[in-house]
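Trainee: no sequence on this one, just coordinates:
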């Protein structure tokens, strides 16, 4: 290293003679490139690390959330039907909502109460999270004995991992009663 006036030139290599034509400014572009490369590598590492951490946290959250099975049902539309001697039969739909966090295969299991019988037609319904669908049923009403109370309906619910559960819930069937009463009075 060259020593002039008590200063050590750190930009000069030992094999470069003092006062050579290569000035420190000519080597700066390579140092700037190295610094830029290091900064870019660091920024890329931070970005990839952030994406990786976000993905990991999302997966952990999905695994931590216990899958919930929840269905809601209501009386759906009716069609056709016959009535005589104070009794009526009507084709209808039970509207089912998947209020849980996983897809479900839902099958109507039936419902019976004094004066009311709701039969399954053998139809199953696949509902993804938050979706709604209708299951066809057959209603039989005895208009003289039918109760005005909500009707407890049974459903069979199957999860994607093939677990099956029976669910019973009260369903307001007043919309069906209106349709059936018109047939009973005819």
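Mentor: Received the coordinates, thanks. The shown structure was predicted, so the numbers you read here are calculated from the model rather than taken from an experiment.

Trainee: helix, strand or coil for residue 43?
Mentor: Taking DSSP: H, G, I helix; E, B strand; the rest coil as the rule, one finds residue 43 in the helix state.

Trainee: same thing with residue 100?
Mentor: Classification of residue 100 using three-state DSSP returns coil.

Trainee: That one: what's it in contact with?
Mentor: If you count contacts by Cβ atoms under 8 Å, 6 or more residues apart in numbering, residue 100 has them with 67-71, 129. Backbone N, C-alpha and C define where each C-beta goes, glycine included.

Trainee: which one among these gets closest to residue 161?
Mentor: Nearest to residue 161 among the contacts of residue 100: residue 67, at 8.7 Å, using Cβ to Cβ.

Trainee: What subset of the contacts of residue 100 is buried?
Mentor: Buried by 16 or more other Cβ atoms under 10 Å: 69, 71, out of the contacts of residue 100.

Trainee: Any chance of the contacts of residue 100 in CSV with distance to residue 40 as columns?
Mentor: Converted to CSV, the contacts of residue 100 look like this (distance: Cβ to Cβ, whole Å):
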residue, distance to residue 40
67, 43
68, 45
69, 49
70, 49
71, 53
129, 42
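
Trainee: Pull the most distant pair out of the contacts of residue 100.
Mentor: 67 and 71, at 13.6 Å, using Cβ to Cβ across the contacts of residue 100.

Trainee: Please tell me how far residue 139 sits from residue 96.
Mentor: The spacing between residue 139 and residue 96, counted by Cβ to Cβ, to the nearest Å, is 16 Å.

Trainee: correction: residue 145
Mentor: Residue 145 is 27 Å from residue 96, by Cβ to Cβ.

Trainee: When the two are compared, which one has more neighbours?
Mentor: Per other Cβ atoms under 10 Å, whichever of residue 145 and residue 96 has more neighbours is residue 96, with 25 against 12.

Trainee: Isn't the more buried one up against residue 106?
Mentor: Yes: Residue 96 is within contact range of residue 106, at 5.3 Å (criterion: Cβ atoms under 8 Å).

Trainee: Alright, calling it a day.
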